[in-house]
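Engineer: The following block contains a protein sequence and its predicted model.
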Amino acid sequence: MKLLPINNLTMQYGLSETRRLFDSMMSSMSTVLRKLTDGFYTKKLDMVIIGLENSGKSTLLSALTNGHATDTVPTIGLNVKVFQKGRIQMKCWDIGGQVQYRSEWSQYCKGCDVVLFVVDAAAPQKLSTARKELHKLLDGGSIGSKPLLILANKIDIKPHAGESKLIEELQLNYVSETPWLVLPISALHVTNLDQVVEWLTEQGKN
Ligand SMILES: Nc1nc2c(ncn2[C@@H]2O[C@H](COP(=O)(O)OP(=O)(O)OP(=O)(O)O)[C@@H](O)[C@H]2O)c(=O)[nH]1
Ligand SMILES: [Mg+2]
């Protein structure tokens, strides 16, 4: 197409038609530019959610993606979901917590950028098993220096273990190579999930 100067266009098409052509050209250019810059700024973050069965992993994932919890059934194998938070595209692997799926955890930890470990803070009798499973991954080098977020879930149930009890029960004070943080949440009631998103977004920027 031959490009004509604006005054030639005006003579050929009239003022209002020239204006319409000009506006549509500018709008196409800005769409192209926006697509280019969006692609440039969007970052990707791969995460895995692990933890014992019934700790609330799938509830957490549904609350993160939908903004509210939905009914869950025990996960057979795994679920995967992709969702966007700000400029970060997050891909989340939610692996079943029953004994037969735990051997898969280490592979997914190795393949992801960050690890979310969910514990049922209202079930203190399960904390020693959670500790053994977590330390198996830490000692085996599957997490290494990847950021680890420990989510103390079900804080809506009373009583529940507080942060210092969890740190002690999970023996987190001995963990030095892996940067870790404990956050109390209720996936069911969407309590403190804004802090989870904030932490994830921060990791996605790095
Ligand atoms: N009270 C309470 N219940 C919760 C919370 N989060 C999850 N639950 C309940 O805990 C049960 C198990 O939740 P899931 O999300 O399916 O647990 P999961 O960790 O994915 O379990 P697996 O898939 O078997 O490993 C469900 O009945 C949830 O409604 C919470 O914050 N508070
Ligand atoms: Mg599940």
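Structural biologist: Everything's here; your move. Numbering: from 1, shown residues only. Ligands and ions are numbered 1, 2, ... in the order given.

Engineer: who in this structure is up against ligand 1?
Structural biologist: Contact residues, the chain versus ligand 1 (Cβ under 6 Å from any ligand atom): 51, 53-59, 72, 74-75, 96-98, 153-154, 156-157, 186-188. C-beta here means a position set from N, CA and C on the backbone, and glycine is covered the same way.

Engineer: near ligand 2, which of those residues show up?
Structural biologist: Counting by Cβ under 5 Å from the ion, 57-58, 75 from those sit close to ligand 2.

Engineer: Let's have these in CSV, adding secondary structure.
Structural biologist: Formatted as CSV, those follow (DSSP: H, G, I helix; E, B strand; the rest coil):
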residue, secondary structure
57, helix
58, helix
75, coil
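
Engineer: So which of the residues you listed is surrounded by the most neighbours?
Structural biologist: residue 57 (28 neighbours; other Cβ atoms under 10 Å).

Engineer: Let's see which of the residues of the chain next to ligand 1 end up in strands.
Structural biologist: The strands, defined by DSSP state E, take in residue 153 from the residues of the chain next to ligand 1.

Engineer: Buried subset of the residues of the chain next to ligand 1, written for PyMOL?
Structural biologist: Those of the residues of the chain next to ligand 1 that count as buried under 16 or more other Cβ atoms under 10 Å are selected in PyMOL with:
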select buried, resi 51+54+55+56+57+58+59+72+75+96+97+153+154+186+187+188
